[in-house]
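mind folding the following:
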Amino acid sequence: MGGKSVVTLDGLSTNQILDLLHKAEYIDSHRKEIAHTCDGRVLATLFYEPSTRTRLSFETAMLRLGGKVIGFAGAQLASVTKGESIADTLKTVSNYVDVVAIRHPKEGAALVASRAASVPVINAGDGGHQHPTQTLTDLMTISTLKGRLNQLTIGLCGDLKFGRTVHSLINALVRYDNVRFIFISPDELRVPDYITEMLKEKNIPYEEVTQLEEIMPGLDILYMTRVQKERFFNEEDYVRLKDFYVLDKAKLSLAPSDMLVLHPLPRVNEISVDVDDDPRAVYFKQAQYGVYVRMALILTLLGISVND
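Numbers count the residues shown, from 1 in each chain. The predicted structure is shown next:
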């Protein structure tokens, strides 16, 4: 994987994904040993959209590896406001850094960036398309806390139409045996047809429902998502749908004692704060794992080995 870009996880083999997860686990317990592995290296974070966890975890990852970070947090701070193309930006920035993490509101922007750059590019989210490092984070969370990535029933709830984290996670989990999906959403935000067609082609079981309560007892994982205001053109539609699902203690009481609640964050109202103290609520731990997987990915793309 050294020198390659990661736009989606489709280009990574299952073994390569497992290697990244193992490396992330090693990093978690060997921080001193890896503290200077990226001395003299520079990461560019080119974020054309707002971000808290993804941008800061990328920057933290590089700093903890001993590297440096440059970049911008908002399109208004970049030369795109002057009309510069993504390709030209990446051709320029490639002269300054060793690896790039890019977030952009348009689907396909990361692919354009990877083709223009002369250094590895990591997709940090492109529109409603893909979010591969969040998916690696999700896989590490599930693998670490459940002990497996197979034989799981996974409920994905909320904005399944525009949710790039949802699309990426589904595409990753179809690699593993005996995984069953339950999609919980209003009709307006149902999972895209290309996802369900892919599941049909692979003979992977899935179910689409609108009621969260009825499926809670059978879940191993509940993956909550927010309804994304920034993806709506009509304010009325957003207001009507934004609180369609709210996970509270009453609903969580219907779930198995070992079910995990994940969320890519940020949340708005879809998970009540009184759920946070429940041991099944692991979304803040999930955010912590995001630093380790991004450290592992940076090291791998730069061709730097660790004793994992």
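
ok, then the element right after the helix or strand bottoming out on mean pLDDT in the chain?
In the chain, no helix or strand scores lower on mean pLDDT, DSSP states H and E than helix 235-241, which sits at a mean of 66. Next along the chain after helix 235-241, taking DSSP states H and E as the criterion, comes helix 249-252.

quick check: buried residues in the lengthiest helix in the chain?
The helix spanning the most residues in the chain, taking DSSP state H as the definition, is helix 283-301. Within helix 283-301, the residues scored as buried using 16 or more other Cβ atoms under 10 Å are 283, 286-287, 289-301. Quick note: C-beta positions are derived from backbone N, CA and C, even for glycine.

then that helix to PDB, C-alphas only?
C-alpha atoms of helix 283-301 as PDB (Å, rounded to 0.1, in the frame of the first residue of the first chain):
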ATOM      1  CA  TYR A 283     -19.400   6.400  20.200                       C
ATOM      2  CA  PHE A 284     -16.900   8.500  22.100                       C
ATOM      3  CA  LYS A 285     -14.600   5.400  22.300                       C
ATOM      4  CA  GLN A 286     -15.200   5.100  18.600                       C
ATOM      5  CA  ALA A 287     -13.800   8.600  18.100                       C
ATOM      6  CA  GLN A 288     -10.700   7.700  20.100                       C
ATOM      7  CA  TYR A 289     -10.100   4.700  17.800                       C
ATOM      8  CA  GLY A 290     -10.200   7.100  14.900                       C
ATOM      9  CA  VAL A 291      -6.900   8.500  15.800                       C
ATOM     10  CA  TYR A 292      -5.200   5.100  15.900                       C
ATOM     11  CA  VAL A 293      -6.500   3.900  12.500                       C
ATOM     12  CA  ARG A 294      -5.400   7.200  10.900                       C
ATOM     13  CA  MET A 295      -2.000   6.800  12.400                       C
ATOM     14  CA  ALA A 296      -1.800   3.300  11.000                       C
ATOM     15  CA  LEU A 297      -3.000   4.400   7.600                       C
ATOM     16  CA  ILE A 298      -0.500   7.300   7.400                       C
ATOM     17  CA  LEU A 299       2.400   5.000   8.400                       C
ATOM     18  CA  THR A 300       1.300   2.400   5.800                       C
ATOM     19  CA  LEU A 301       0.900   4.900   2.900                       C
END
